[in-house]
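*Asks:* Turn this into a model:
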Amino acid sequence: MDSQTLARLIYLGLLAVAVGGYFVIEFRRRPQRTLQQAMLWGLIFLGTLAAVGLWNDVRRGVMPSQSVLADGRIEAPLAPDGHYYLTAAVNGVPVRFVVDTGATDIVLTARDAARVGLDVAGLAYVGQARTANGVIRTAPVRLASMELGPIHDANVRAVVNDAEMDTSLMGMTYLTRFARVEITRDRLVLER
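*Replies:* From the prediction side, this is the model:
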């Protein structure tokens, strides 16, 4: 047994003596109330253990993530909000995209553009895009690299959006690079 394990055991022993001593003293004074409090703390402790144990399942249900299969296919589950999300490394930085077949280009939010190393202040917003919220200005950019699972692309054309937007968009110019884009039930499958 190493010194760290021994120190932890001593700490836990002292903690157990302190808490146990408190309950023994309180039990002598007010047994019924002490039992109620002990049961309440026991339930809180069990609830916390259950939440920690189930966290991965809860996270997958609330925020499902993509997976790369052995044959190189990429699958993304349908999120609770009805969209498909993919995370790609843009210039080595993970960026979360909503898959948008109604968008022509890869559209980066200004925040994501700054995160991947683009000079947002120096961009020329010379393009336009028609959205559900009207016409917005866009700035054309080139992404040095874009990696989606095992798929690596260089010098990828994209635009930076001048409007307020929560999530970057993965549009058709990138999706058409795939040999197969399939939506079956609640899964998006990409294959090159």
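
*Asks:* what helices or strands is the helix or strand containing Arg28 leaning on?
*Replies:* Arg28 is part of helix 3-29 when elements are defined by DSSP states H and E. With contacts defined as 3 or more CB pairs under 8 Å, 6 or more residues apart in numbering; DSSP states H and E, the secondary structure elements packing on helix 3-29 are helix 31-62. Backbone N, C-alpha and C define where each C-beta goes, glycine included.

*Asks:* Taking helix 3-29 as reference, get the angle to the helix it packs on.
*Replies:* In this structure, helix 31-62 runs at an angle of 140 degrees to helix 3-29, with axes from the mean of the first three to the mean of the last three CA atoms, to 10 degrees as the basis.

*Asks:* so how far is helix 31-62 off the chain centroid?
*Replies:* The offset between the C-alpha centroid of helix 31-62 and the centroid of the whole chain comes to 25 Å, using CA atoms, centre = their mean, to the nearest Å.

*Asks:* what's near enough to touch Asp186?
*Replies:* Residues in contact with Asp186 (CB atoms under 8 Å, 6 or more residues apart in numbering) are 77-78.

*Asks:* swap in Arg33?
*Replies:* Glu26.

*Asks:* how much space between it and Tyr22?
*Replies:* Relative to Tyr22, Arg33 is positioned 13 Å away (CB to CB, to the nearest Å).

*Asks:* Please apply the same query to Gln37.
*Replies:* In this structure, Gln37 and Tyr22 are 10 Å apart, going by CB to CB.

*Asks:* What lies in contact with the top strand by length along the chain?
*Replies:* When secondary structure is assigned using DSSP state E, the longest strand within the chain turns out to be strand 134-148. Contacting residues not belonging to strand 134-148 are listed as 74, 86, 88-92, 105-108, 113, 116, 118, 123-129, 152-163, 174, 190 [CB under 8 Å, 6+ apart].
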